[in-house]
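Q: Quick one, fold the following:
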Amino acid sequence: MTKLSVNINKFGTLRNSRGGNRPDVLKAAIDAQRFGADGVTVHPRPDERHIRYNDVRDIRKIITTEFNIEGNCREQSFIDLVLEVKPQQVTLVPDTLGQITSDHGWDTYTHKDYLTKMVKLFKDAGIRTSIFVNPMIDMIEGAAQTGTDRIELYTEGYARLFAAGKREQAIENYLDAATRAKELGLGINAGHDLDLENLNYLISTIPWIDEVSIGHALICDALYLGYENVIQLYKRELVVE
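A: This next block holds a predicted model:
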């Protein structure tokens, strides 16, 4: 069954907008796992506009489920943090400085030598690696050549077409990419703009996805439906009939 990792960045965004410690990011991590999430995801950025580096250190001390840290491995501060904290998984994302949210995957051929170096660095530290990629066969094949354990499919394109009522068109490239990744022995994660409307179709079509990372939509739903309830609702969408 596909695992659910809850991205808690938005708790940090809300806290930082007012100052103080409300909402408590550490409690958000504890509650995510208490309410049934299989993991917690954070994406620290250099400006610390949501998750702060010390949040990451504090969460590592209390996490009992899987801990996934996303970020740009071109930032030395990010590399140092991951090697210090040693999460179960690091997801390498090609963000630019000040980027609002991740909006593209790595060009795994152009950056193959660099990514190979980074993958080895983290794997040698005992950390599973995942590379954020667009659903393109050549990018999947390039990722495999770096020695990465997994790829994470950037699912914004899927979500956009799904919302427009084009389900078959939405899933086509993702199914092809996931099939090729499976053939190459890569684990598969997915994330970005996944929600209660589009999640089950993705998982029913590609049931060998190992993990989805969901933050923005899940937290928005929680405002109306409650954090515990929403985590259970998302978990139900990961059940393939």
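Q: Enumerate every residue touching A163.
A: Neighbour list for A163: E197, N198 [criterion: Cβ atoms under 8 Å, 6 or more residues apart in numbering]. The way it works is simple: take the backbone N, C-alpha and C, and place the C-beta from them, glycine included.
Q: any idea how far it lies from I171?
A: Distance, A163 to I171, using Cβ to Cβ, to the nearest Å: 13 Å.
Q: Spatially central residue in the protein, please.
A: The residue lying closest to the centre of the chain (Cα atoms, centre = their mean) is S213, at 4.1 Å.
Q: is the closest residue to that one other than its chain neighbours in a bridge, and if so with what?
A: Of all residues beyond its chain neighbours, the one nearest S213 is G191 (3.9 Å), with distances taken as Cβ to Cβ, 6 or more residues apart in numbering. Beta-bridge partners recorded for G191 (DSSP bridges): Y154, S213.
Q: unless I'm mixing things up, G191 is touching T155, no?
A: Yes - counting by Cβ atoms under 8 Å, G191 does reach T155; the two are 6.2 Å apart.
Q: where in this protein is pLDDT low?
A: The chain contains residues with pLDDT under 70 at 96-103.
Q: ranges for the helices of it?
A: Using DSSP state H, the helices assigned to the chain run over residues 9-18, 25-34, 53-62, 76-85, 112-124, 137-144, 156-163, 167-183, 199-205, 216-225, 227-237.
Q: Mind putting those into a markdown table with distance to P44?
A: Formatted as a markdown table, those follow (distance: least, Cβ to Cβ, whole Å):
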| stretch | distance to P44 |
| --- | --- |
| helix 9-18 | 9 |
| helix 25-34 | 11 |
| helix 53-62 | 6 |
| helix 76-85 | 7 |
| helix 112-124 | 15 |
| helix 137-144 | 23 |
| helix 156-163 | 21 |
| helix 167-183 | 27 |
| helix 199-205 | 25 |
| helix 216-225 | 16 |
| helix 227-237 | 21 |
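Q: Quick one, which of those gets closest to L92.
A: Of all the helices of the chain, the one in closest proximity to L92, counting by Cβ to Cβ, is helix 112-124 (6.2 Å).
Q: Can you report how many residues neighbour P94?
A: Neighbourhood size, P94 [other Cβ atoms under 10 Å]: 19.
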